[in-house]
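In: sequence first, then the predicted structure:
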Amino acid sequence: MFKTILIGTIIFACASIAAAQSDYKKFEFFTGYSHNRIDTGISDDDPDVGDIFDEREGFHGFEVSATGNLTRYFGIKGDVSGHFKSQRFPFSSIVPLANVDLESRLFNFLGGVQLKDNSTEGTFKPFAHALVGVAHARNRVEFTDGCVAIFPSPCPDSETLSETGFAGAFGGGLDIRASDRISIRAIQFDYNPTRLFDSTQHNFRIGIGIVFH
């Protein structure tokens, strides 16, 4: 009889511990589309008046992140994003075929903390995060064949400028639970400052996607 009670007590204790350990999601993985309004420092307005909300271009890209939840509300997060843009500028109004092609890329490699209710219950899951790390920017400039009409010699060689510097992402968003294993990230908004080419860029990224947990 004593052994039966002891075994029952052990089983009950183990079940209680298992339940306590499984009342929140331990891990999540996000993948989705990301749009970044990147600060180029070039404004259509008065060049003598700075405006961090105007001097920017829209870059399309992706974002992936992984979060390990240490408690129901606190997790450690790693985040990688890439944003890309191709542009063509006329080199001369006299020679229509003389253009300059610019290909720009910006990558963020970040890590930090996330605050979120990771319980297995509930549908709407707002979250906030603070991430820091590095950004890598790459700009490739290439002249089209039409530039031979301007330069007495062959077109200048293409040139690539790259820089790696500080980056951060501070913001949050809203996940909507679709099933036990999948949530929809309805919106994510981050302030994404970078320090590249001896200046600070004030970028703002917006994302949507799917969360697996």
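Out: Everything's here; your move.

In: which stretches of this protein form helices?
Out: Secondary structure of the chain (DSSP state H): helices at 2-21.

In: pLDDT below threshold where in it?
Out: 1-22, 41-55, 89-98, 143-157 (pLDDT under 70).

In: which residue is nearest the middle of it?
Out: residue 81 (4.1 Å; C-alpha atoms, centre = their mean).

In: for that residue, name its beta-bridge partners.
Out: Residues in a beta bridge with residue 81, per DSSP bridges, are residue 63, residue 108.

In: residues contacting it?
Out: 34, 36, 61-64, 107-108, 110, 205 (C-beta atoms under 8 Å, 6 or more residues apart in numbering). C-betas here are computed from N, CA, C, even on glycine.

In: and the residues you listed, which are buried?
Out: Buried residues within those, counting neighbours by 16 or more other C-beta atoms under 10 Å: 34, 36, 61, 63, 107-108, 110, 205.

In: turn the residues you listed into JSON lines, including distance to residue 87.
Out: Formatted as JSON lines, the buried ones among the contacts of residue 81 follow (distance: C-beta to C-beta, whole Å):
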{"residue": "34", "distance to residue 87": "19"}
{"residue": "36", "distance to residue 87": "15"}
{"residue": "61", "distance to residue 87": "15"}
{"residue": "63", "distance to residue 87": "22"}
{"residue": "107", "distance to residue 87": "18"}
{"residue": "108", "distance to residue 87": "21"}
{"residue": "110", "distance to residue 87": "26"}
{"residue": "205", "distance to residue 87": "19"}
